[in-house]
Structure formats: C-alpha cells, structure tokens
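# Below: sequence and its predicted model.
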Amino acid sequence: MDYQFAAIEQKWQKYWAENQSFKAEANSDKPKYYVLDMFPYPSGAGLHVGHPLGYIASDIFSRYKRLKGYNVLHPMGYDSFGLPAEQYAIQTGQHPAVTTETNINTYRRQLDQIGFSFDWSREVRTSDPAYYKWTQWIFMQLFNSWYNLETDKAEPISTLIAKFNEAGSADVKAAKDEDTRNFLPTDWAAFSEEEKQVELLKYRLTYLKESTVNWCPALGTVLANDEVKDGFSERGGFPVEQKKMMQWSMRITAYADRLLQGLDTIDWPEPMKEMQRNWIGKSVGASVKFKVENSEKQIEVFTTRVDTIFGVSYLVLAPEHEWVAELTTPEQKADIENYIAQTKKKSELDRMADAKTVSGAFTGTYVVNPVSGERVQLWIADYVLAGYGTGAVMGVPSGDQRDWLFATHFNLPIIQILDAQKDINVQADPTKEGKYINSGFINGMEYKEAVAFLNQWLEDQGVGKAKVNFRQRDAIFGRQRYWGEPIPVYFKDGLPYLLKEEELPLLLPEIDKYLPTETGEPPLGRAEGWKYEDRYEYELSTMPGWAGSSWYWYRYMDAQNDSEFASKEAVNYWKDVDLYIGGNEHATGHLLYSRFWNKFLKDLGFVQEEEPFKKLINQGMIQGRSNFVYRVVDEEGRGTNTLVSAGLRKDYKSIALHVDVNIVENDVLDIEKFKAWRDEFANAEFILENGKYVCGVEVEKMSKSKFNVVNPDVLIAQYGADTLRMYEMFLGPLEQSKPWNTNGIEGVFKFLRKFWRLFHNEAWEFTVSDAEPTKAELKALHKIIKKVQDDVERFSFNTSVSSFMIAVNDLTDLKCNKRAVLQDLVVVLAAYAPHICEELWSLLGNKDLSTAQFPIFNPNYLVEDEFAYPISINGKMKMNLNLSLTLEQDEATVAVLANEQVQGFLNGAAPKKIIFVKGKIVNIVV
RNA sequence: GCUGAAGUGGUGGAACUGGUAGACACGCAGGACUUAAAAUCCUGUGCCCUCAACAGGCGUGCGGGUUCGAUUCCCGCCUUCAGUACCA
C-alpha cells in the first residue's frame, strides 16, 4: 500500500492511548529523566502552528530518552485559571469553568492528533479543586514561615515565636517589614493576641501590606508590573492608575540573593539568566543619612559609591517623595509646585524620551553631609525615581555623568575627589583609581580601603551603614478577580487567620455576575452567605495567575495524591526537571516565581533540590507570515474589481489587502479558492505575471485579523502529523524565531513517502529482505545513528531531519530493503515520526516501538581506507585527490607532488611548505 | 544608552574543535511520462566574465588583523531582533 498516513496515525494514537504506552513508572531501576513543557493556558482560539514547536522538540527528546533506556516523565496539563475566561464570562455570563472545559477539550484533541507521548494519567489543571487545594496549602506554609537571615533559609513561624519568648526582637535577623517594633521577651509576653499577630504578620513570607497597586478600572482588577505596559494594561490596553489597598504580598526579596546565586548553577540560556539578574537588580553600596538643617528629619540616600561622599555637592529627592512639601521653604514653594505639576503631566513615555534634558527645582532647604559636615542644597528632580532605593540620591558631579550634567546646568560645585580623575570640567570621570583628595579623613586612601573605612565609620556614628539594595520588590499576590484560587484566609477583628489544613480546598463560590460588587469589592464579595464558620469574612481576593504554575511540576510527580501535594517517595525519585522547554516570555515571571517557591519548599524540607529546572531551552517564536493581494484603485482612490500580481504592482495604483494564507501556496494565490473566499471577490479580475497571481509577503504577529494563522489541523489533514512534526523541526534551529511558511512541507512529506517506499516494492507490497547488508548500507545506517544521537543531545533537531533525508536518499540509491538495516533505521527515526515508524515496526513483525532500544553506534562501519583530500594551493581549494588514509605526512607529500594535475596547478613553482592534516586537507604553499 | 542574540545563494537553512562554503529542502529552469494537467522521475541551479566549455575572478554585513588556511579567532564599525531603561 502507498503511505496512508491518516489511517496509520489514527491506528497508533488509539493504540498508545489504550496501552498507556507512555506512562512513566513510579519506581524503576532505570535512570529517571524528566522532560517538561510549559503548560498552556487553554485559550478559546485553540492551538496554532507555533504552539507545538516546543512540544514537538520535547516529545522527540522524551521518545529518544526512552529508547536510550530512561524512565521518562513527560507530562502535560493546563494553566487553566486566568483572565480571558473571566472576561468571556463577564460578556456572556457563561461560567469560566465551562469555557475552560470546552477549550481544554479542543486543546486535547489537537494535541492528541500530533501524536505526543504525554503521560496523560498525570494531567493537571490549576483550576481543579484537587489541584488548587495544594496551591492553597503552599500559601499556608508561606504564611506560617519567616526568613531567618542567620540560617539563610525559611523556618516555621514557631521558631520565631520561640526567639521572641526567649530574647525578644533584638537578636532576630529576619527578612521583614520596615516598621517592626523592638521589644523584650517580657513585652512580647505582655502583648495581646492581636498585637502578637500584627507583629508576626510583618515577618511572614506572605503578608498583608498597604501597597500602591496598578489598578485597572476597566478590567476591575489589580495588575502586576509585568502586566502593565506604559501605563496601559498589556491585555486590552486599558488605562491603569495607582491605587492604595491592602494586598497580600510574597516576600520574594528574602530570596533575592539565593535567586541570583542559583543562576550560576543551572544550564539556562545566558540571555534568560541575564534578564533575571537585571530584574533582581542587586547593587552593593551604603545608605547614608543626611540631616536636614533646622529640622529633626534625616534624609536617607542609597549610593553604590560611598567613597565619593566628600564630593557631594547637592542632594536630590524624587518629586513624589513624601517630604517634599514639608521641606520646601516658602520662597521656593511656587517653583517646586510648578515643577511637580510639570512632571505629573509627563507620561512615562515622555519622561523616557526626555532622558537627556536636565530639569529640577531647588527646595530652598539645606542638608548636612554627615561625613564632611558641609551644607549642601536639597533639590527635587524627576531623574530620581520614587520607587527605587529611598527615592533620594546624593549628587557627586565629578564622578557621575548625570550628576555632572545636573550640576553644570544649575551651577552647583564640582569637587574633584580622586587624583586620577581627569577632565572633570568637561565631563564626569567615574574612575575608582588613584588616591582620594579633598576628602577629609580618607585623603590618601585607595578605593577598597576607603569603602571599608567609611562603612564602618558611618555605622559607628549611627548615620549609615553598608547596604545591599535590590531593584526587585516583593510580589503582590492578590487579584480582584473571580477566576483564580481563593486565598485560604478569613478575617477576625481585622486580622487574617488561616483555615485549618483539613478544611482545604476552599472552593470558589458561585456568584451571579463576574464583576466587582457595587461597593467596589472583588467579585467574590457577591457570594451570598460565603463566610467562615458562618461569621468571619473570607479574603475576597484570589491568587494571581502565577500561583498555580509555581509548583505544578511537582504535582506531575504524583498527580492523584489526595493527602500530599506529592508523596515524599515521588519527589525523592523524580527530584527536579531535567529539561524544561518553553518561551522566553516567562523569564521574569513564571520562571522567577517558580524558583522562589521551590527554594521555599526546599527550606521546609518538602523537596530535594535548590533549583527546579536544571536545563532550560527557549523555543523561538513562530511569527505569522502574511500574504497580500493588491487591489487596483481608480483615480479617486476607490477600489476596483481588479487585482494585480505583486511583481507588477509598481505599474498600477493599488492598495494591499490581507489574504487568507490558507488559500495561498508558495506565495501563489489559488484564484478559485480566492473567489470563493469572499463574495466581493467572486467576479474579480486578475492581472497575472507568468500566468500566476503572486502575493506580497510580510512577517507579522500571528493573528486572526491578519488572516495569517495556520492551524495545525489543516496541515495534519493534508500531510499527516509525522510530516508536521518533522517539518516544524526542519524549519530551523529550535531556539531561533522564524516566520511560519509552508513552502517546504512538500519536501518533508516526499521524504516520508520515500522512506515508506524503502520497505515496499514497485506494487507497494511490503517486502524486506533478510540478506546480509553491504558495507555501504551499514555505513549509511551508522552514519545516521551517530548523527541523530549527537544532534538530539545538543537539541539540533533541524540538522537531523536533513540527515534522515540523506540516509534515505543513500539507501534508495543502494536499493536497500534489508531488514538488518531498515529495522534499526525505524528506531532511529521513531522519535521524529513515531506513527509511520510504529507501523513499519509492526509490519517488520515487532511489537511496541516504545520498548525498543536505540541502535548502538559502531564506529567501525564508518572507517574509510581512502579519502578524497582537497588539495589547495595557498589556501585555495583546487582539486581533490584520493589518498590512502594510512599515509602519513611524508608519503602523502610525495604522492601529491607526483600527481600530474597538481604539477599542472603548480606550473613549475617550487612548494615552500606543504601542510598535511590527516583526513582533512593538503595545502601547498608556494 | 546598557545587556544579550544574530547577519551565509532567489528562500528556509548546513558547515559541531580554524581545514573542500552553500549539505538538505524549497523555488526556478530544462527534460521524461501523459491527449493534457497533477503526481512521479531525471538533469541543472552562488555571482561575474564567456555563445558554450576549459580556465579564471569574486563571494559568509563592512574595514582591518592573526594564520599555510578564517563563516569560525582578535580589533574597530554597521544593521536587525529581543530584553531593559534616568537603578543613584
């Protein structure tokens, strides 16, 4: 029979499902290997051709590892809480659970027909109560923990209480809020229960705090910083404003240093690590307090160059700094207010574009440099950000270019502080070289000494200390929306208390409408009679999107467990994810939060590994490739009924229209389908080039409105899943972003057919011979065995597809239909094109390809006696010459020079030198 | 600006450790089969000079360098993409 991909693929997909062929063993003597994909949010649009790219790669890797004798865990699930289903619910009244279920079914159908080897018995859905029970449970562990800076790990809150009982708060070194109280053990004992709870909340790893949040009135919800772009919501593009509210936060900053250090231990793409480093934004420096003249106030600044403190010639506050009004003198009041008004008007974008312009205003107030005793002016300027550090900086014009510009613009002094500083009247010189001058008691010191000395001095005097500052803030954990995990907390006397563990899961209540209440409370406020013990108000926020995805890889290890998030045995066996494949858009979201929760769970002894994802690969984005037709317009600019082919468009006045890429092949329009596509084009006329209508092309985001979405279903119907899988890999390196095009898919399909034909005679009857393979056949086989092995291990899937083509071309030329060769070839190709291979495997009389062994590479088959040496003269390749590979330099040189053709090229010139690299090249230098 | 990645035929891309640049595929051109088309098969296909062949020259973003030999290493620049942005 000819290659009937549809029947073959259905048959084996059914077989795999019925036999649970890819179920990971809970216990095994085989080494474990955990291959994870970033699980999808099941959106209503279903999968497009870009989604499966990473899944195909991970599937090939998983199947390969199984053939190599590993016990592979390769699961899939759904990140099924999220905003789109809720938005849809608001519009239609349909419960998000229903929408989600429908979408999941579509996803599952689409995934199944690509033939993935997922272990579906371990499927998870973050919106399933059996799953979010454990998300809530982790929240409770966080609530019940604090971060001990002495042991550098999280500990149960009970150890903190013990410390308070014993020694009060003095010796406690903890990651905590800034407004903690100092108390003695006796004070602690005297605190009321409420006072104790208030104090403990300042130490818990998840805590309530009044914070400024990004409030989006249109969406009725709070957004994370990464969900806001330039003052508008990333989703929907609605305006976002700042609003103060009590919010649950996660004390991720406690882990900032470990999150940073851990990056050095994991095999991730460098750009990803770099993004996380920048996001965490560690800077080492000092905080210094400047006393305000004629006031009790002290302004704290953060600096990374405490050594330059004698060069301070002014201080700047952010315009939003809360003390600005208070510290402005009456004479300067108008100036300052005017400046603040101006800053407010500037949007974030303007402020960015304006980065070069110097602006600011003098408050009229002076502050005192605690080190030198000098009085300097206090200014405000919008180059200082309220949200970073303390919202105040010291200006050192000789050492910082921005400060230099500011000082020059406003005529403030520029003080040289190092003898090595050059040209400071032209620009700042941030050098750390040389010895300090004009710097009081650090004069004559060098950088390192000065920093250490100053830090100690500041601390001794109580006016500052060495400090590490992070850009990263604690993560806000509450969302004012419905479709998320309820937070397992109720309020008594205004204080939060946890539910009991056995009361989990706290189920999402039913509500009438998925909108905030009339009083502005979150949607959960609509749930009637939803009270803890019928009296206490539950927390009405739900968890953010990243909650459920911050630990899901552990649930796959033991997905059905009802008494633990995953059993100790399962966690001890699977440990961590060996290979994680997903997009780089999660660099500072999911991947950071997951590492945070993982470290926390490790601290409490629930998991084994400090880092959850050993190796990470980012698959590139598949962009859309839009096609255009060009409608000729008349004098008045009205569209006519005529369309002109792209190559001739310069001769006409025309407008470009998106055309559905599914009726275009190799950029040539299928005119009949086009006429049927839209009524308005039913009678269109075409100006053709070379008898064809050629469409224009542009690379854009894949989107419905651009008619450039390619649905895998269509391609599978036309070519089959095996072709789709191989074609997606053939497109280019996995990590590279590329526009989708179907131009080469025929070639891959032809390859599979050619492969199929190796096993069949002219009449398409299955025929293999049991004859001994020839040397050439074995060579072709072992070349591909080695190639695939090497390629898969370095995730170079595109090159192995090419090599498969070469192998099949070679074997076709050799007319090889020998079982001894083809049977191994089937196994080698199985990870890429599993359906056709499984069929051929069974036609060869075997059972269950998933239990086969990857063929062992034998280098002896590749050994050559001869090599066609490229002979180059002065590095230019001239000809090839067959020489025995046993020849060493001397004999080879003789043989080369004896050759007539070589002599012809030399044309009488005497070789100065002959380079001979065995098995590689001969280069004659003349 | 900073950080990171990348720049190779008409196109996607290959060349893994400095050793034959353009594998494999698409497209295109020509041919076979066919009444014809599709499918299939065969041949050719980096550019320039040449009717063509032979031979030659050029060629991996640009300019230099190291080397017998550079897509690969070094220096300087340009462009594109991604992230980030007055971070004190």
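Done, it's in.
# The biggest helix by length in chain A - what's its average pLDDT?
When chain A is parsed with DSSP state H, its longest helix is helix A:775-793. Per-residue pLDDT values over helix A:775-793 give a mean of 93.
# Report the buried residues of whichever helix or strand comes after that helix.
Once the chain leaves helix A:775-793, the next helix or strand it forms, by DSSP states H and E, is helix A:797-813. Buried positions in helix A:797-813, judged by neighbour count with 16 or more other CB atoms under 10 Å: A:797-801, A:803-805, A:807-808, A:810-811. (Glycine included, C-beta is placed from N, CA and C.)
# what does the stretch 251-400 of chain A have sitting close to RNA strand B?
Applying CB under 7 Å from any atom of the strand, we find that the stretch 251-400 of chain A lies next to RNA strand B at A:270-271, A:274-275, A:278-279, A:281, A:283, A:285, A:302-305, A:318, A:351-352, A:354-355, A:382-385, A:388-389, A:391, A:393-394, A:400.
# in the stretch 701-850 of chain A, what residue is nearest RNA strand B?
In the stretch 701-850 of chain A, the residue found nearest to RNA strand B is residue A:747; the distance is 2.3 Å by CB to the nearest atom of the strand.
# show me what contacts that residue?
Residues in contact with residue A:747 (CB atoms under 8 Å, 6 or more residues apart in numbering) are residue A:730.
# can you check residue A:805 too?
So residue A:805 contacts residue A:751 (CB under 8 Å, 6+ apart).
# got a pLDDT number for it?
On the pLDDT scale, residue A:805 is placed at 94.
# Show me the contact partners of stretch A:160-168.
Contacts for stretch A:160-168 (CB under 8 Å, 6+ apart): A:146, A:148, A:171-172, A:174, A:182-189, A:200, A:203.
# Check the gap between the residue of the stretch 701-850 of chain A closest to RNA strand B and residue A:726 for me.
Here residue A:747 is placed at a distance of 10 Å from residue A:726 (CB to CB, to the nearest Å).
# do the same with residue A:574
In terms of CB to CB, residue A:574 sits 30 Å off from residue A:726.
# Kindly report the same for residue A:897.
Note on residue A:897: its distance to residue A:726, by CB to CB, is 48 Å.
# higher neighbour count, the two?
Taking neighbours as other CB atoms under 10 Å, residue A:897 and residue A:726 compare with residue A:726 leading, 29 against 14.
# just checking, that one touches residue A:752?
Yes. With contact defined as CB atoms under 8 Å, residue A:726 reaches residue A:752; the gap is 7.3 Å.
# Overlap of the contact sets of the two?
Residues within reach of residue A:726 and of residue A:752 at once, by CB under 8 Å, 6+ apart, are residue A:833.
# Tell me the residues of the stretch 801-926 of chain A that contact RNA strand B?
By CB under 7 Å from any atom of the strand, the residues of the stretch 801-926 of chain A that approach RNA strand B are A:801-802, A:805-806, A:809, A:868, A:870, A:872, A:874-878, A:880, A:905, A:913, A:915, A:917, A:920-921, A:923, A:925.
# Show the buried residues in those residues.
Buried residues within those, counting neighbours by 16+ other CB under 10 Å: A:801, A:805, A:872, A:878, A:905, A:923.
# What mean pLDDT does the strand or helix carrying the fourth one get?
Secondary structure assigned from DSSP H and E places residue A:878 in strand A:876-884. Averaging pLDDT along strand A:876-884 gives 84.
# Check stretch A:520-538 too.
Stretch A:520-538 shows a mean pLDDT of 91.
# tell me how far the ends of it are from each other?
16 Å (CA to CA, to the nearest Å).
# What residues sit buried inside that stretch?
Buried residues in stretch A:520-538, counted by 16+ other CB under 10 Å: A:522-527, A:530, A:532, A:538.
# swap in stretch A:580-589?
Buried, per 16+ other CB under 10 Å, within stretch A:580-589: A:580-584, A:586-589.
# How about stretch A:763-772?
Buried-residue list, stretch A:763-772, by 16+ other CB under 10 Å: residue A:768.
# Could you work out the end-to-end span of that stretch for me?
Using CA to CA, the end-to-end distance of stretch A:763-772 comes out at 24 Å.
# wait, what's in contact with residue A:66?
Residue A:66 sits next to A:22, A:72, A:117, A:850 when contact means CB under 8 Å, 6+ apart.
# Tell me how far the nearest residue to the third one once chain neighbours are set aside lies from RNA strand B.
It stands for residue A:117. Setting aside the residues directly before and after it, residue A:117 is nearest to residue A:22 in space (CB to CB, 6 or more residues apart in numbering), at 4.1 Å. Between residue A:22 and RNA strand B the distance is 29 Å, computed by CB to the nearest atom of the strand, to the nearest Å.
# does residue A:22 sit in a helix or strand, and which one?
Residue-wise, residue A:22 maps onto no helix or strand under DSSP H and E.
# ok, now which ones touch it?
Residues near residue A:22 by CB under 8 Å, 6+ apart: A:16, A:62, A:66, A:72, A:74, A:117-119, A:850.
# tell me the two of those that are most distant?
Spatially, the most separated pair among these is A:16 and A:72, at 14.1 Å (CB to CB).
# Which parts of the helix or strand hosting residue A:88 count as buried, going by neighbours?
Using DSSP H and E, residue A:88 maps to helix A:83-92. Using 16+ other CB under 10 Å as the test for burial, helix A:83-92 gives A:83-90.
# Considering those, which is situated nearest to RNA strand B?
Nearest to RNA strand B among the buried residues of helix A:83-92: residue A:83, at 19.0 Å, using CB to the nearest atom of the strand.
# okay, the closest one: pLDDT?
85.
# So it sits against residue A:482, correct?
No. Judged on CB under 8 Å, residue A:83 makes no contact with residue A:482 at a distance of 10.0 Å.
# so where's chain A uncertain?
Where chain A drops to pLDDT under 70, the residues are A:212, A:219-231, A:234-235, A:345-356, A:647, A:666, A:690.
# hang on, residue A:255 in a helix?
Yes. Checked against DSSP: H, G, I helix; E, B strand; the rest coil, residue A:255 lies within a helix.
# so how many other residues sit close to it?
Residue A:255: 27 surrounding residues under other CB under 10 Å.
# Enumerate every residue touching it.
Counting by CB under 8 Å, 6+ apart, residue A:255 has contacts A:147, A:596, A:599-600.
# do residue A:832 as well
Residue A:832 makes contact with A:60, A:722, A:725-726, A:729, A:797, A:800-801, A:804 under the criterion CB under 8 Å, 6+ apart.
# Since that was my last question, I'll sign off now.
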